[in-house]
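Model the structure of this input:
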Amino acid sequence: MAKDLVIGSPAPELSIPDQDGNVVTLNSLKGKQVVLYFYPKDDTPGCTKESCDFRDTESQIMRAGGSIVGVSLDGQESHQKFIKKFGLPFVLLSDETASVSKAYGVYKQKNMYGRKYWGIERSTFVIDTEGKLKAIFRKVKVDGHADAVLAALKA
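Presented below is the predicted three-dimensional model:
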(Lines give C-alpha, C1' and ligand atoms only; values in the text may rest on other atoms or scores of the structure.)
Protein backbone atom coordinates (compact mmCIF):
# COMPACT_ATOMS: atom_id res chain seq x y z
CA MET A 1 0.00 0.00 0.00
CA ALA A 2 1.13 3.53 -0.67
CA LYS A 3 2.98 5.42 1.97
CA ASP A 4 1.39 8.76 2.72
CA LEU A 5 2.20 11.08 -0.13
CA VAL A 6 3.33 14.56 0.83
CA ILE A 7 3.78 17.78 -1.09
CA GLY A 8 7.33 18.06 -2.40
CA SER A 9 7.93 14.32 -2.61
CA PRO A 10 8.35 12.59 -5.98
CA ALA A 11 5.04 11.53 -7.54
CA PRO A 12 4.71 7.74 -7.84
CA GLU A 13 5.60 6.49 -11.33
CA LEU A 14 2.85 5.31 -13.59
CA SER A 15 2.91 3.23 -16.73
CA ILE A 16 -0.56 2.36 -17.96
CA PRO A 17 -2.46 2.59 -21.26
CA ASP A 18 -4.62 5.49 -22.35
CA GLN A 19 -7.93 5.15 -24.18
CA ASP A 20 -6.10 4.27 -27.41
CA GLY A 21 -3.74 1.71 -25.89
CA ASN A 22 -0.71 4.02 -25.81
CA VAL A 23 1.30 3.52 -22.62
CA VAL A 24 1.65 6.77 -20.67
CA THR A 25 4.42 7.27 -18.11
CA LEU A 26 5.06 10.16 -15.75
CA ASN A 27 8.40 10.63 -17.49
CA SER A 28 6.63 11.20 -20.81
CA LEU A 29 4.74 14.09 -19.19
CA LYS A 30 7.78 15.82 -17.62
CA GLY A 31 8.28 19.45 -18.46
CA LYS A 32 4.61 20.26 -17.91
CA GLN A 33 2.63 20.44 -14.72
CA VAL A 34 0.24 17.50 -14.64
CA VAL A 35 -3.25 17.49 -13.19
CA LEU A 36 -3.68 13.78 -12.43
CA TYR A 37 -7.25 13.17 -11.38
CA PHE A 38 -8.58 9.84 -10.19
CA TYR A 39 -12.31 9.26 -10.52
CA PRO A 40 -14.49 6.24 -9.74
CA LYS A 41 -16.31 5.45 -13.01
CA ASP A 42 -16.88 6.68 -16.57
CA ASP A 43 -20.25 8.23 -17.38
CA THR A 44 -21.63 8.41 -13.83
CA PRO A 45 -23.11 11.70 -12.56
CA GLY A 46 -20.27 12.95 -10.30
CA CYS A 47 -17.49 11.73 -12.59
CA THR A 48 -19.16 13.25 -15.65
CA LYS A 49 -19.54 16.62 -13.92
CA GLU A 50 -15.92 16.55 -12.73
CA SER A 51 -14.59 15.58 -16.17
CA CYS A 52 -16.72 18.22 -17.91
CA ASP A 53 -15.54 20.87 -15.40
CA PHE A 54 -11.94 19.95 -16.27
CA ARG A 55 -12.89 20.05 -19.98
CA ASP A 56 -14.35 23.53 -19.51
CA THR A 57 -11.25 24.85 -17.69
CA GLU A 58 -8.74 23.01 -19.89
CA SER A 59 -7.66 26.11 -21.85
CA GLN A 60 -6.95 27.98 -18.58
CA ILE A 61 -5.10 24.96 -17.18
CA MET A 62 -2.99 24.77 -20.37
CA ARG A 63 -2.24 28.51 -20.16
CA ALA A 64 -1.03 27.88 -16.59
CA GLY A 65 1.41 25.28 -18.01
CA GLY A 66 -0.62 22.23 -17.09
CA SER A 67 -2.02 19.18 -18.79
CA ILE A 68 -4.93 17.05 -17.58
CA VAL A 69 -4.83 13.28 -17.23
CA GLY A 70 -7.78 11.30 -15.88
CA VAL A 71 -7.47 7.84 -14.31
CA SER A 72 -10.13 5.24 -13.50
CA LEU A 73 -10.40 1.47 -13.36
CA ASP A 74 -12.45 1.46 -16.58
CA GLY A 75 -11.12 -0.13 -19.76
CA GLN A 76 -10.10 1.59 -22.99
CA GLU A 77 -13.41 1.04 -24.76
CA SER A 78 -15.34 2.63 -21.88
CA HIS A 79 -12.93 5.61 -21.91
CA GLN A 80 -13.35 6.04 -25.68
CA LYS A 81 -17.14 6.22 -25.31
CA PHE A 82 -16.88 8.64 -22.37
CA ILE A 83 -14.48 10.93 -24.27
CA LYS A 84 -16.67 10.89 -27.38
CA LYS A 85 -19.95 11.44 -25.51
CA PHE A 86 -18.69 14.51 -23.62
CA GLY A 87 -15.98 15.86 -25.96
CA LEU A 88 -13.19 15.41 -23.43
CA PRO A 89 -9.96 16.86 -24.88
CA PHE A 90 -7.52 14.99 -22.61
CA VAL A 91 -6.33 11.43 -22.13
CA LEU A 92 -7.97 8.97 -19.79
CA LEU A 93 -5.81 6.17 -18.43
CA SER A 94 -7.05 2.64 -17.79
CA ASP A 95 -5.82 1.44 -14.40
CA GLU A 96 -7.56 -1.93 -14.67
CA THR A 97 -5.22 -3.61 -12.16
CA ALA A 98 -5.50 -0.63 -9.76
CA SER A 99 -1.69 -0.55 -9.50
CA VAL A 100 -1.44 3.22 -10.01
CA SER A 101 -4.49 3.89 -7.82
CA LYS A 102 -2.83 1.87 -5.05
CA ALA A 103 0.50 3.71 -5.51
CA TYR A 104 -1.31 7.03 -5.03
CA GLY A 105 -3.33 5.69 -2.08
CA VAL A 106 -6.72 6.29 -3.70
CA TYR A 107 -7.84 2.64 -3.98
CA LYS A 108 -10.06 2.31 -0.92
CA GLN A 109 -12.71 0.08 0.54
CA LYS A 110 -16.04 1.83 0.06
CA ASN A 111 -19.48 1.20 1.43
CA MET A 112 -22.65 1.92 -0.53
CA TYR A 113 -26.08 0.86 0.65
CA GLY A 114 -24.47 -1.60 3.07
CA ARG A 115 -22.38 -3.24 0.35
CA LYS A 116 -18.60 -3.10 0.76
CA TYR A 117 -16.41 -2.97 -2.33
CA TRP A 118 -13.03 -1.64 -3.48
CA GLY A 119 -12.85 1.40 -5.73
CA ILE A 120 -11.29 4.78 -6.35
CA GLU A 121 -11.72 7.62 -3.87
CA ARG A 122 -12.06 10.79 -5.98
CA SER A 123 -8.66 12.51 -5.67
CA THR A 124 -6.48 14.89 -7.66
CA PHE A 125 -2.71 15.37 -7.64
CA VAL A 126 -0.91 18.34 -9.17
CA ILE A 127 2.59 17.29 -10.23
CA ASP A 128 5.19 19.94 -11.01
CA THR A 129 7.54 20.03 -14.01
CA GLU A 130 10.17 18.06 -12.04
CA GLY A 131 7.77 15.21 -11.22
CA LYS A 132 7.19 16.27 -7.60
CA LEU A 133 3.82 16.59 -5.89
CA LYS A 134 2.75 20.24 -5.82
CA ALA A 135 -0.82 19.84 -4.49
CA ILE A 136 -2.92 16.96 -3.18
CA PHE A 137 -6.72 16.93 -3.09
CA ARG A 138 -8.33 13.94 -1.38
CA LYS A 139 -12.02 13.06 -0.97
CA VAL A 140 -12.78 15.64 -3.64
CA LYS A 141 -16.15 17.36 -3.76
CA VAL A 142 -16.81 18.07 -7.44
CA ASP A 143 -18.33 21.56 -7.16
CA GLY A 144 -15.58 24.17 -7.54
CA HIS A 145 -12.84 21.55 -7.72
CA ALA A 146 -11.51 22.47 -11.19
CA ASP A 147 -11.10 26.09 -10.03
CA ALA A 148 -9.22 24.98 -6.90
CA VAL A 149 -6.90 22.87 -9.07
CA LEU A 150 -6.33 25.82 -11.42
CA ALA A 151 -5.41 28.00 -8.43
CA ALA A 152 -2.93 25.33 -7.23
CA LEU A 153 -1.33 25.21 -10.70
CA LYS A 154 -0.78 28.96 -10.65
CA ALA A 155 0.61 28.97 -7.08
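
What residues sit buried inside stretch 20-36?
24, 26, 29, 33, 34, 35, 36 (16 or more other Cβ atoms under 10 Å). Heads up, the C-betas are built off the backbone N, CA and C, glycines and all.

Mark which of those are part of strands, please.
24, 33, 34, 35, 36 (DSSP state E).

Which members of these are the farthest-apart pair?
24 and 33 (15.6 Å; Cβ to Cβ).

which outside residues touch stretch 137-150?
With contact meaning Cβ atoms under 8 Å, 6 or more residues apart in numbering, stretch 137-150 is reached by 35, 37, 46, 49-50, 53-54, 56-57, 60-61, 64, 106, 121-126, 135, 152.

Among those residues, name the ones in helices.
Under the assignment DSSP state H, the contacts of stretch 137-150 contribute 46, 49, 50, 53, 54, 56, 57, 60, 61, 152 to helices.

Please indicate which of those residues are buried?
Neighbour-count burial (16+ other Cβ under 10 Å) is assigned, among the ones in helices among the contacts of stretch 137-150, to 50, 53, 54, 57, 61, 152.

and the first one, what is it in contact with?
Read that as residue 50. Counting by Cβ under 8 Å, 6+ apart, residue 50 touches 37, 39, 122, 140, 142, 145, 146.

Tell me which of those fall in helices.
Going by DSSP H, the helices hold 145, 146 from the contacts of residue 50.

From the contacts of residue 50, pick the one nearest residue 83.
residue 39 (13.2 Å).

Now the closest one: closest residue in space that isn't a chain neighbour?
Using Cβ to Cβ, 6 or more residues apart in numbering and skipping residues adjacent in sequence, the residue nearest residue 39 is residue 47, 4.4 Å away.

Just give the number of residues close to residue 43.
The number of residues packed near residue 43 is 14, by other Cβ atoms under 10 Å.

Ok, residue 113 next?
4.

got it, and the one 5 residues further on?
Other residues near residue 118 come to 12 when the count uses other Cβ under 10 Å.

any idea which element it lies in?
Secondary structure assignment for residue 118, by DSSP states H and E: strand 115-120.
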